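S.K.: Next come a sequence and a model predicted from it.
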Amino acid sequence: MEFLVTYDVATDTAEGRRRLRKVAQICEGYGQRVQKSVFECTLNPADMEKLKHRLVRTIDLKEDSLRIYRLREPRQQFVETIGVKPEFDLHEPLTV
């Protein structure tokens, strides 16, 4: 399943800036950053629950916002990218 994970973390304090970095690090472990606070993730249901659990434990529920959208598949039929594209497509073969 494909998901779009977005977040907005209050960064007016040092603790907020630490939370922002931690949220980004968690998301980087599960998907590809497509904008500063937006990640595309291809996850099975168990990994999606792990990601959500880790993020909810990290954010401040009174100050921060987390949104998770399940993308309709096939993604390329429903997602249009204009401008700079991600460095690589998670659905294409990766050559090193």
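M.R.: Perfect, thanks for sending it.

S.K.: Tell me what the residue nearest the centre of the chain is bridged to.
M.R.: Nearest to the geometric centre of the chain sits F39, at 2.9 Å (Cα atoms, centre = their mean). Going by DSSP bridges, F39 is paired in beta bridges with V5, R33.

S.K.: Could you check how far it is from R33?
M.R.: 5 Å (Cβ to Cβ, to the nearest Å). (Each C-beta comes from the backbone N, C-alpha and C, glycine too.)

S.K.: do E49 as well
M.R.: 21 Å.

S.K.: Equivalent analysis for K50, please.
M.R.: 19 Å.

S.K.: How many neighbouring residues does the closest residue to K22 other than its chain neighbours have?
M.R.: Spatial nearest neighbour of K22, excluding adjacent residues (Cβ to Cβ, 6 or more residues apart in numbering): T58 at 5.1 Å. Neighbourhood size, T58 [other Cβ atoms under 10 Å]: 18.
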